[in-house]
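>>> return atomic coordinates for the entry below.
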Amino acid sequence: MSSKSVSFVIGEAPPARLDKAIARDVPVAAALSRTRLAKLLAEGAVTVDGVVVHDPKARVAEGAAIAVTVGVAEESHLVAEDIPLDVIHEDADVIVVNKPAGMVVHPAPGSPAGTLVNALMHHCGDDLSGVGGMKRPGIVHRIDKDTSGLLVVAKSDKAHHGLAAQFAAHTVERYYRALVYGVPDANDPRLRGIKGASFEPGNVLKMTTQLARHKTDRQRQAVLFQGGRHAVTRARVVARYGTPAVLAQVECWLETGRTHQIRVHMAHAGHGLIGDPTYGGKRKLARGALSDAGVAAVAGFGRQALHAAVLGFVHPVSGANMRFEAPLPADFAALLDILG
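Here you go, the predicted structure:
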């Protein structure tokens with residue numbers, strides 16, 4: 001496969017810098033991100049009126065003819081591994097998978113292999129047309145290692161570009177199921193007094209805070225009200241467990257998608273997730289509220305009880321509305337069965 005050339009003309013009132021001007025005016029159909037364009041500029045793949053320009057700060061005038069040469073996607077350094085995947089949907093541009101708990105999404109120093117990306121490299125093979133100039137899956141969102149459920153991954157630059165824009169605009173539909181301590185309720189004066197907590201019609205808990213990496217524990221996220229990144233989570237109770245009720249199954253949905261967002265927000269509300277080693281903690285349950293089997297099942301649940309159950313988005317190439325659901329995994333479903 002040979003390289004392709006993307007040609008276009010700089011429009012009116014261009015930004016002062018070349019890199020910003022071409023990022024603004026490059027055709028959407030080319031699916032070239034700012035990062036990719038910056039790399040191509042540095043590689044000498046951009047010409048202005050027929051002259052190669054490397055300097056991202058160069059000035060460019062309205063009407064200048066731009067040509068960007070986009071080479072064939074390079075082979076990735078990521079290792080393909082034959083790991084079984086639960087594929088919910090796949091086409092030429094995207095793949096939706098139901099990730100099991102215990103699998104890391106992307107290789108990192110602490111998890112160099114056995115990840116979802118390694119599995120996708122093997123599963124997709126030559127079907128990966130290239131993301132960011134490299135034959136690799138395009139990760140546009142993640143869920144934690146010990147959270148199960150749905151993710152969509154791009155197989156092409158165009159899909160990656162389109163999906164990333166939807167996540168940035170917060171238009172992707174994402175619903176989670178969680179099992180938490182206590183029962184969030186609008187009539188609870190304690191919860192009403194927690195900064196960042198409010199209720200919407202239908203007894204929907206809304207958590208609105210800023211989130212940032214914890215100052216002393218870099219593995220954790222912390223709730224802030226100045227600085228950090230804006231984060232909004234909503235949750236409603238779908239089932240109660242115990243007499244009196246000491247646990248609740250909640251449906252959470254995200255307006256934003258920050259690291260550990262649901263786990264941090266529910267813990268801040270005083271309703272930490274069962275099994276969450278970082279934020280949930282282990283709490284004493286009211287004596288007699290649950291059966292002995294229920295108490296043992298809660299104490300022995302080895303991960304945060306969180307599952308990404310619903311994922312909806314607009315297909316980044318066809319424009320079709322896509323919506324997928326994944327049932328609770330066996331360990332989560334078994335816990336709920338014991339609780340009754």
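
>>> from now on I want contacts and neighbour counts done on CA atoms only, so please keep to that.
Noted.

>>> give me the phi and psi for residue 192.
When read as degrees, to the nearest 10, the backbone of residue 192 gives phi -60, psi -30.

>>> got the contact list for it?
Contact partners of residue 192, counting by CA atoms under 8 Å, 6 or more residues apart in numbering, are 186, 198.

>>> now do the lengthiest helix in the chain: distance to the chain's middle.
Ordering each helix of the chain by length in residues (DSSP state H) puts helix 157-168 first. Its chain's C-alpha centre lies 12 Å from the corresponding centre of helix 157-168 when counted by CA atoms, centre = their mean, to the nearest Å.

>>> mind listing what's buried along stretch 9-19?
For stretch 9-19, the neighbour count (16 or more other CA atoms under 10 Å) marks 9, 10, 11, 14, 15, 18, 19 as buried.

>>> so the fifth one touches residue 23, yeah?
No: counting by CA atoms under 8 Å, residue 15 sits too far from residue 23 to count as a contact (9.8 Å).

>>> helix or strand with the lowest mean pLDDT in the chain?
Within the chain, no helix or strand scores below strand 134-135, which has a mean of 54 by mean pLDDT, DSSP states H and E.

>>> what lines up beside the helix or strand that comes right after that strand in the sheet?
Per DSSP states H and E, the first helix or strand lying C-terminal to strand 134-135 is strand 138-139. Strands that pair with strand 138-139, judged by DSSP bridges, come out as strand 148-154 (antiparallel).

>>> pull out the buried positions in the partner strand.
Result for strand 148-154 [16+ other CA under 10 Å]: buried residues 148, 149, 150, 151, 152, 153, 154.

>>> and these, which is closest to residue 119?
Among these, residue 153 lies closest to residue 119 (CA to CA), at 12.2 Å.

>>> and the strands in the stretch 101-250 of the chain?
Using DSSP state E, counting those that start in this stretch, the strands of the stretch 101-250 of the chain run over 134-135, 138-139, 148-154, 173-181, 197-200, 204-213, 221-224, 229-241, 247-254.

>>> what about the helices in this protein?
Assigned by DSSP H, the helices in the chain fall at 18-25, 34-42, 116-124, 157-168, 189-192, 261-268, 292-300, 330-339.

>>> starting at the chain centroid, how far to the fifth one?
Right, the one you point to is helix 189-192. 30 Å.

>>> buried ones in that helix?
For helix 189-192, a neighbour-count test (16+ other CA under 10 Å) marks 191, 192 as buried.

>>> swap in the second one?
With burial defined by 16+ other CA under 10 Å, the residues of helix 34-42 counted as buried are 36, 37, 38, 39, 40, 41.
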